[in-house]
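K.L.:
Sharing a model that was predicted from the sequence below.
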Amino acid sequence: MQKTSKALLGLATAFVMSSALPNLAKADELTLCWAAWDPANALVELSKDFTAKSGTQMKFEFVPWTSYADRFLNELNSHGKLCDLIIGDSQWIGGSAENGHYVKLNDFFDKEGIKMDDFVPATVVGYSEWPKNTPNYWALPAMGDVVGWTYRKDWFEKPELQKEFKAKYGRDLAAPKTYDELKQIAEFFQKREIDGKTVYGASIYTERGSEGITMGVTNVLYDWGFQYENPKKPYDMEGFVNSADAVKGLEFYKSLYDCCTPPGSSNVYMVESADAFKSGQVAMQMNFAFTWPGLYKDEKVGGDRIGFFPNPAEKAHFAQLGGQGISVVSYSDKRDAALQYIKWFAQPDVQAKWWELGGFSCLNSVVNAPGFAKSQPYAQAFLDSMAIVKDFWAEPSYASLLQAMQKRVHNYVVAGNGTAKEALDGLVKDWSDVFKDDGKI
């Protein structure tokens, strides 16, 4: 890391850095459950410091994203004791709170002086609170994440392409600020030959099986005016989910899929999108920010070849929130020791090192530190993206809500069945049925 990281690490005193955690509840071993991805590897490295200070060994249970929700939601619903700590997805918070899976952390935070005002507000709402926008905390913000974009900066900077693009569109070939600009760029690169290879415009999320296409299409829907419900009447969705603007947004997403994606793009999520970029297939790719450190280090497409930009705007400007909070599982026999891990993880020096190792800290003193925006080439795009986040339903029935959206939008965008209006009308019906079963409407 550069000097900024050293400054961030200096947020804590030498005493904190060198001393053991006081009054630590003892446990021989704690098991932390999460998804199997690059940030998990960084957390393993980071947690060595916890073991050195506490004497508690850390065991990790990581599973692929494709089975992450099924595996751990089943574990929680069965009141299993595998996980002492869990980094659960943001959408799980409602169900995990209402069903008693997570330990409520308010009293612990008060006792230990952990203040949620010290964390980025959007991550507190997204990862910690249930009900939303109330001071009821079930997790500590752990891994900030958001959907953004990378682009082939080296291609954009080719003089001959700059000249051709400006002649055609009257503006410089640069990272797009709106979705209309993004589509123009994608069309410009689609099936173009660069360095003897046919390339394509963009990789976007289309995966049907888990949450992929929903995490992709919402970025566009939000920007066109889609809302989950009437702001004045909870669970009133007619005219908001399926508004005329939301219909236009869904039509745009399909048009982007139809015009400008590589062949075989009908089931793309995080891994496939990153692979399309790393293999030199696409000029731009939609993906969560957690992929950016690895892509920047990639020998073929990283370094000076890659650029980063936040989700473009249109009528509005939002980006789909990713990321997770860390919670203590209420069924654990080692709850006190697990709480001490939370206390350790919340420390400013630990959070600074978390960023250094490739995690995305949510602590204000880290992300607002002088020089943070220049501490990594993707840091500014991360900050800009986290300032515009919006999340999917975090209701206890979120899985049913998600499955309905996956089916409706995939059938329209990828399979080409029906119209965008029919897809969103059907979604209103599906979601209404879920909330009726829940007794909420």
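P.N.:
The structure has been received and is ready for your questions.

K.L.:
can we go C-alpha only for contacts and neighbour counts from here?
P.N.:
Fine.

K.L.:
Residue 288: what's it in contact with?
P.N.:
Taking Cα atoms under 8 Å, 6 or more residues apart in numbering as the definition of contact, the neighbours of residue 288 are 145, 146, 147, 148, 149, 270, 322.

K.L.:
Give me the neighbour count for residue 291.
P.N.:
By the criterion of other Cα atoms under 10 Å, residue 291 has 21 neighbours.

K.L.:
Not counting sequence-adjacent ones, nearest residue to residue 441?
P.N.:
residue 435 (5.9 Å; Cα to Cα, 6 or more residues apart in numbering).

K.L.:
Just the strands from the stretch 51-200 of the chain, written as ranges.
P.N.:
Remark: strands assigned in the stretch 51-200 of the chain by DSSP state E, counting those that start in this stretch are 57-63, 85-89, 140-143, 147-152, 192-194, 197-203.

K.L.:
Residue 309 is nearest to which of those?
P.N.:
strand 147-152 (5.4 Å; Cα to Cα).

K.L.:
elements contacting that closest one?
P.N.:
helix 212-224, strand 282-288, strand 306-310, strand 319-320, helix 379-386 (3 or more Cα pairs under 8 Å, 6 or more residues apart in numbering; DSSP states H and E).

K.L.:
Throw the ones you listed into CSV and include mean pLDDT, thanks.
P.N.:
Shown next, in CSV, are the helices and strands packed on strand 147-152 (pLDDT from 0 to 100):
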stretch, mean pLDDT
helix 212-224, 98
strand 282-288, 98
strand 306-310, 98
strand 319-320, 98
helix 379-386, 97
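
K.L.:
With respect to residue 118, which of the ones you listed lies nearest?
P.N.:
When the helices and strands packed on strand 147-152 are compared for distance to residue 118 using Cα to Cα, the nearest one is helix 379-386, at 15.4 Å.

K.L.:
Residues contacting the closest one from elsewhere in the structure, which ones?
P.N.:
For helix 379-386, the surrounding residues in contact (Cα under 8 Å, 6+ apart) are 122, 144-148, 289, 308-311, 319, 321, 367, 372-374.

K.L.:
got the buried residues for that helix?
P.N.:
379, 380, 381, 382, 383, 384, 385, 386 (16 or more other Cα atoms under 10 Å).

K.L.:
Please identify which of those is nearest to residue 255.
P.N.:
Using Cα to Cα, the shortest approach to residue 255 within the buried residues of helix 379-386 belongs to residue 385, at 24.0 Å.

K.L.:
ok, the closest one to residue 401 distance?
P.N.:
25 Å (Cα to Cα, to the nearest Å).

K.L.:
Alpha carbons of stretch 357-377, as PDB, please.
P.N.:
Coordinates of each C-alpha in stretch 357-377 appear next as PDB, following Å, rounded to 0.1, in the frame of the first residue of the first chain:
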ATOM      1  CA  LEU A 357      -5.600  -6.400   2.500                       C
ATOM      2  CA  GLY A 358      -8.500  -6.100   0.000                       C
ATOM      3  CA  GLY A 359     -11.600  -5.800   2.100                       C
ATOM      4  CA  PHE A 360     -13.900  -2.800   1.900                       C
ATOM      5  CA  SER A 361     -14.100  -1.000   5.200                       C
ATOM      6  CA  CYS A 362     -17.300   0.800   6.200                       C
ATOM      7  CA  LEU A 363     -15.700   2.800   8.900                       C
ATOM      8  CA  ASN A 364     -15.900   6.600   8.400                       C
ATOM      9  CA  SER A 365     -12.500   7.200   9.800                       C
ATOM     10  CA  VAL A 366     -11.000   4.900   7.100                       C
ATOM     11  CA  VAL A 367     -13.000   6.000   4.000                       C
ATOM     12  CA  ASN A 368     -12.900   9.700   5.000                       C
ATOM     13  CA  ALA A 369      -9.200   9.800   5.800                       C
ATOM     14  CA  PRO A 370      -7.100  12.300   3.900                       C
ATOM     15  CA  GLY A 371      -5.800  10.600   0.800                       C
ATOM     16  CA  PHE A 372      -8.200   7.600   0.900                       C
ATOM     17  CA  ALA A 373      -9.600   8.500  -2.600                       C
ATOM     18  CA  LYS A 374      -6.100   8.100  -4.000                       C
ATOM     19  CA  SER A 375      -5.100   5.100  -1.900                       C
ATOM     20  CA  GLN A 376      -6.100   2.700  -4.700                       C
ATOM     21  CA  PRO A 377      -7.100   3.400  -8.300                       C
END
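
K.L.:
Mean confidence (pLDDT) on it, please.
P.N.:
The average pLDDT within stretch 357-377 is 96.

K.L.:
Check the offset of that stretch from the chain's centre.
P.N.:
Offset of stretch 357-377 from its chain centre (Cα atoms, centre = their mean, to the nearest Å): 16 Å.

K.L.:
Out of the contacts of helix 379-386, which end up buried?
P.N.:
By neighbour count, with 16+ other Cα under 10 Å, these hold 122, 144-148, 289, 308-311, 319, 321, 367, 372-373 as buried.

K.L.:
Residue 391 is in contact with residue 123, isn't it?
P.N.:
No. With contact taken as Cα atoms under 8 Å, residue 391 and residue 123 are classed as non-touching, separated by 10.3 Å.

K.L.:
Tell me which of these two has more neighbours.
P.N.:
Taking neighbours as other Cα under 10 Å, residue 391 and residue 123 compare with residue 123 leading, 27 against 21.

K.L.:
low-scoring stretches of the chain, by residue?
P.N.:
Within the chain, the set of residues satisfying pLDDT under 70 comprises 1-26.

K.L.:
And the residue nearest the centre of it?
P.N.:
residue 322 (1.9 Å; Cα atoms, centre = their mean).

K.L.:
Pairing partners for the nearest residue to residue 96 once chain neighbours are set aside in the sheet, please.
P.N.:
By the measure of Cα to Cα, 6+ apart, the closest residue to residue 96 outside its immediate chain neighbours is residue 102, 5.8 Å from it. Beta-bridge pairing for residue 102 (DSSP bridges): residue 329.

K.L.:
How about the contacts made by residue 102?
P.N.:
Applying Cα under 8 Å, 6+ apart, we find residue 102 in contact with 96, 138, 139, 327, 328, 329, 330.

K.L.:
want to try JSON lines for these, with distance to residue 177 as columns?
P.N.:
Shown next, in JSON lines, are the contacts of residue 102 (distance: Cα to Cα, whole Å):
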{"residue": "96", "distance to residue 177": "37"}
{"residue": "138", "distance to residue 177": "36"}
{"residue": "139", "distance to residue 177": "34"}
{"residue": "327", "distance to residue 177": "36"}
{"residue": "328", "distance to residue 177": "40"}
{"residue": "329", "distance to residue 177": "42"}
{"residue": "330", "distance to residue 177": "45"}
